[in-house]
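[1] What follows is a predicted structure for the sequence shown.
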Amino acid sequence: MTKNTSSNYVFNRQPLLHTPTTELPFGAIKPQGWLRDQMRIQADGISGHLDEISDRVGSRSSWLGCDRGDSQSGPYYLDGLFPLAHLLDDEALIKKAAKWIDWALKSATPDGAFGPLHDDDYWPRMIMLKVLMQYHEQSADGKVIQLMSRYFAFLGPQLKKTPLSSWGKARGGDFLYCINWLYNRTGDASLLELSRVVYEQTDDWTGIFADLPFTRSTSFYYNWERVLAQYPQGLSPAFYNDLFSGAHVMRFHITHIVNVVMGLKTPGIHYLQTHDPRHKAAVMSGIESLTRHHGVVNGMFGGDEHLSGNDPTQGHELCSVVEYMFSLQTLLDIYTEDTLLPDLLEKVAYNALPAQNSKDYWRHQYLQQPNQVLVSKAKRNWYNNNDESNLFGFEPNCFCCTSNLHQGWPKFLKNLWRASDDRGLTAMVYAPSRVTAKVADGVDVTIEQETAYPFDDKIVLTISCGKPVAFPLRLRIPAWCKQATVDINGKQQGQSAGNRYHAIDRLWQSGDVVTLTLPMQIRISKWGNNAVGIERGPLVYALKIGEEWRKLKGTDPYADWEVHPTTPWNYALELDLKHPDRSFTVERKPVARQPYDAACPPLILRAKGKRIPQWQLQDHAAGPVPQSPVACDATLEDIELIPYGAAKLRISHFPYFDSTRQ
């Protein structure tokens, strides 16, 4: 096989396992259409102004020189701010990000350490290393390679004296990711030994995911109130020391939802070094087990703050959404036998991510519920989150999501395309964008992707190149698509079943147009109590519920808000299970600047339903979904389903009755 030897692309060095695809250089992919609008709204919202509001990413940040300041929030914020600024070419945000980069580079000490002097925690440094890697890809600044080389040389002996612990022990996979990145650029063999040591000191995610030990809600294994009762002083330093260090009987870190989704990438990254198939298998086993025991319709897993089963009124944390997306992105090049991972990435990005942010990106929820019929400050059946956790606000429950939410869309954009080792390009996920990359013979090719996907099934790719050039173009056909069609310059070239990559290898010329059509049929997915999810393409659909937003406290535009329902929510869907398409009428509207707005969604599914009087609020949330099929004599009503991400109040796990048996 001919390898792509262009210096623009970095494939794995031996002995790391060769993968058929690799990331394109930072900035090769730029947003267009609704995705650029989404990122622009984010930049105009909290992402572009957080440092003006919170001193935790300003004067109190350890990464800007504050002694005894906050060490995690700054790197979290920069991990999203940096790519957002540069991918939008926003000079004001680029300037904001630059001061953090400058401080981090200048913080390096003669012994190889870097970062805040008062805090030697490994975990914030893992995040900052990921930022510096993006900066190097954007700038080619050699100081990054020098800092990382010296830091990893320092880290080896340091880990013998002070091994990974607490958050760093759970999240050591991020160190592995950074070490591999540097090894592929320097070939320093000592990094392979460091990677082995880091893996051995990291929680055993391969073993955990090979046979998931927590198949029920964490409350089944560890009663939180009893955990607290063992510490009469309350949430004291002794409590956290015991809990986070692993000395406590509760296995805190490996049930923590964010650690779990971050941990998913660890076996896959380690597989690149060991070539041991059990590590590769553990990732898929983990996703399957988590989905079966904790999965919900939007592609995520229940976790409030810990694994909480698959009840659609249990929440999951915003940090878990963006970190699960990042784990999937790091694994895309390893698992190319089918389309499961990019399919999942789209599902989470196009449903869970926008659902947890307000439409202007000034407010977010710490926890979202798939069945969310009331957003309020109230006691709910969370495992150990507080009563403000599902508010739309500035800092509901904890600041971590406030600082970490920003990476979602920018990093998603960076993973739309991949370079392939036969000097071609692979479309991994779809969104309006423009990619410029080198293909065979070093020819620069630009592909403009015009589409309203995921709100439409047509994707138009227009090729521009300086001269005719032959290279393979691969297009992902999602598993949900029964039969895709591919046209070139208006002539049909073929059809393709789903769950594969459709390859086109030809002599391309400027002006060539590839049209990929991915017909979207309504699908029914099954969940607890025989509830159903309604899916079409990569989008999940939810009942549209009237919303009354009530300001609770704080300063606009980032105040805390409750959302109360103004229309009924306790409907069972009328379904023809054998022919789901017959139960819905699809209504299309123009894609607005903010497509994730319940007031003007680009797609509506019109359906019929009956109210279930006994299905009421319980603990300030929708009660358990009635067992389906339900028997109900209520009047049949017209109802609307809209994209999940637009519905801030919603039912997405539905009870149903069979229309063919009424």
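    Happy to help now that I have it. Residues are numbered from 1 along each chain as shown.
[2] Isn't R150 up against T109?
    No: applying Cβ atoms under 8 Å, one finds R150 not in contact with T109, separated by 9.1 Å. C-beta: built from backbone N, CA, C; applies to glycine.
[3] Who has more neighbours out of those two?
    The neighbour count for R150 versus T109, taken as other Cβ atoms under 10 Å, is higher for R150 (17 against 12).
[4] show me where the stretch 201-350 of the chain has strands.
    Assigned strands in the stretch 201-350 of the chain, in chain order: 316-317 (criterion: DSSP state E, counting those that start in this stretch).
[5] Low-confidence stretches in it?
    Applying pLDDT under 70 to the stretch 201-350 of the chain flags the ranges 234-235, 246-247.
[6] Would you state the helices of it in chain order?
    Taking DSSP state H, counting those that start in this stretch, the helices of the stretch 201-350 of the chain run over residues 205-210, 218-221, 224-229, 237-245, 252-255, 257-263, 265-274, 277-294, 318-331, 340-347.
[7] same deal with the stretch 51-200 of the chain?
    Secondary structure of the stretch 51-200 of the chain, counting by DSSP H, counting those that start in this stretch: helices at 73-87, 91-106, 122-139, 142-161, 166-170, 172-186, 190-201.
[8] Just say which of these is most tucked in.
    helix 73-87 (a mean of 26; mean count of other Cβ atoms under 10 Å).
[9] Dump the C-alpha coordinates for it into CSV.
    Output of helix 73-87 as CSV, limited to C-alpha atoms (Å, rounded to 0.1, in the frame of the first residue of the first chain):
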residue,chain,number,x,y,z
SER,A,73,-10.6,25.8,35.1
GLY,A,74,-8.1,27.7,33.0
PRO,A,75,-6.9,24.7,30.9
TYR,A,76,-10.4,23.5,30.5
TYR,A,77,-11.5,26.8,29.2
LEU,A,78,-8.5,27.2,26.9
ASP,A,79,-9.0,23.7,25.5
GLY,A,80,-12.2,25.0,23.8
LEU,A,81,-11.4,28.7,23.5
PHE,A,82,-8.2,28.1,21.5
PRO,A,83,-9.7,26.0,18.7
LEU,A,84,-12.9,28.1,18.6
ALA,A,85,-10.9,31.3,18.2
HIS,A,86,-8.7,30.0,15.4
LEU,A,87,-11.3,28.0,13.5
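[10] other SSEs contacting it?
    Applying 3 or more Cβ pairs under 8 Å, 6 or more residues apart in numbering; DSSP states H and E, we find helix 73-87 packed against strand 29-31, helix 33-44, helix 50-53, helix 91-106, helix 122-139, helix 400-404, helix 408-414.
[11] Sketch out the low-pLDDT regions of this structure for me.
    1-8, 234-235, 246-247, 660-662.
[12] got the domain boundaries for it?
    Following automatic domain parsing, the chain resolves into domains at 23-202, 420-451+458-517, 522-661.
[13] ends of the second one, how far apart?
    Looking back up the chat, that one is domain 420-451+458-517. 23 Å (Cα to Cα, to the nearest Å).
[14] How far off centre is it?
    25 Å (Cα atoms, centre = their mean, to the nearest Å).
[15] can you check the longest one too?
    Domain 23-202 has its C-alpha centroid displaced from the chain centroid by 18 Å (Cα atoms, centre = their mean).
[16] so the spatially closest residue to C632 that is not a sequence neighbour, which of the three states?
    Sequence neighbours aside, K610 is the residue nearest to C632 in space, at 4.6 Å (criterion: Cβ to Cβ, 6 or more residues apart in numbering). At K610 the chain is in strand, as set by DSSP: H, G, I helix; E, B strand; the rest coil.
[17] and K610, how far is that from H294?
    For K610, the distance to H294 (Cβ to Cβ, to the nearest Å) stands at 30 Å.
[18] Which residue of those two possesses the greater neighbour count?
    Taking other Cβ under 10 Å, K610 and H294 do not tie; H294 has more neighbours (26 against 22).
[19] Check the gap between the closest residue to the more buried one other than its chain neighbours and G286 for me.
    Closest residue to H294 apart from its sequence neighbours, by Cβ to Cβ, 6+ apart: F301 at 4.1 Å. From F301 across to G286, the span is 10 Å (Cβ to Cβ).
[20] likewise Y151?
    Using Cβ to Cβ, Y151 is found at 30 Å from G286.
[21] Then I334?
    14 Å.
[22] Neighbour count for those two, which is higher?
    The neighbour comparison of I334 against G286 (other Cβ under 10 Å) goes to G286, with 24 against 21.
[23] Thought L212 was touching that one, still the case?
    Yes: G286 is in contact with L212 according to Cβ under 8 Å; the separation is 6.7 Å.
[24] Who are the contact partners of P432?
    Shown in contact with P432 (Cβ atoms under 8 Å, 6 or more residues apart in numbering): P31, Q32, G33, W34, L35, R36, Q449, E450, T451, A452, Y453.
[25] Contact partners for the spatially closest residue to it that is not a sequence neighbour?
    Of all residues not flanking P432 in the chain, G33 sits nearest, at 2.9 Å (Cβ to Cβ, 6+ apart). By Cβ under 8 Å, 6+ apart, G33 lies in contact with A431, P432, S433, E450, T451, A452, V591.
[26] wait, the fifth one sits on T462?
    No: counting by Cβ under 8 Å, T462 is not a contact partner of T451; they are 11.3 Å apart.
[27] Look at the two and report which has more neighbours.
    T451 (23 against 16).
[28] What's the separation between the nearest residue to the more buried one once chain neighbours are set aside and G408?
    In space, T451 comes closest to I459 once its chain neighbours are excluded; the distance is 4.4 Å by Cβ to Cβ, 6+ apart. I459 sits at a distance of 22 Å from G408 (criterion: Cβ to Cβ).
[29] what about these two, which has more around it?
    With neighbours defined as other Cβ under 10 Å, I459 and G408 compare such that G408 has more, 28 against 21.
[30] Return the residues in contact with the residue nearest to the more buried one when sequence neighbours are not counted.
    In this structure, G408 finds its nearest non-sequential neighbour in V322, 4.5 Å apart by Cβ to Cβ, 6+ apart. By Cβ under 8 Å, 6+ apart, V322 lies in contact with G80, L353, N404, L405, Q407, G408, K411.
[31] ok so, going back, for the helices and strands packed on helix 73-87, which one sits closest to F326?
    Nearest to F326 among the helices and strands packed on helix 73-87 is helix 408-414 (6.0 Å), distances taken as Cβ to Cβ.
[32] by contact count, what packs against that closest one?
    By 3+ Cβ pairs under 8 Å, 6+ apart, helix 408-414 packs against strand 29-31, helix 33-44, helix 73-87, helix 318-331, helix 353-355.
[33] got a list of contacts for that helix?
    Residues from elsewhere that reach helix 408-414, judged by Cβ under 8 Å, 6+ apart: 23-24, 26, 29-31, 35, 38-39, 42, 80, 83-84, 87, 321-322, 325-326, 329, 345, 349, 353, 429, 431, 433.
[34] one step back: isn't there a strand covering the residue nearest to T451?
    Yes: under three-state DSSP, I459 sits within a strand.
[35] what comes up buried for stretch 348-360?
    By 16 or more other Cβ atoms under 10 Å, the buried positions in stretch 348-360 come out as V348, A349, Y350, N351, A352, L353, P354, A355, Q356, N357, S358, K359.
[36] typed the wrong thing, it's stretch 54-73
    54, 56-58, 61-64, 66, 69-73.
[37] Please name the nearest non-neighbouring residue to the residue nearest the centre of the chain.
    The residue lying closest to the centre of the chain (Cα atoms, centre = their mean) is M325, at 2.5 Å. Among residues not flanking M325 along the chain, V348 sits closest, at 5.6 Å (Cβ to Cβ, 6+ apart).
[38] need the contact list for the one you found.
    V348 neighbours (Cβ under 8 Å, 6+ apart): N298, G299, M300, V321, Y324, M325, L328.
[39] what number of residues lie near the closest residue to the fifth one other than its chain neighbours?
    The reference is to Y324. Taking Cβ to Cβ, 6+ apart, and ignoring the residues beside it in sequence, Y324 has V261 as its nearest neighbour in space, at 3.9 Å. V261 has 28 neighbouring residues, counting by other Cβ under 10 Å.
[40] Okay then, goodbye and thanks.
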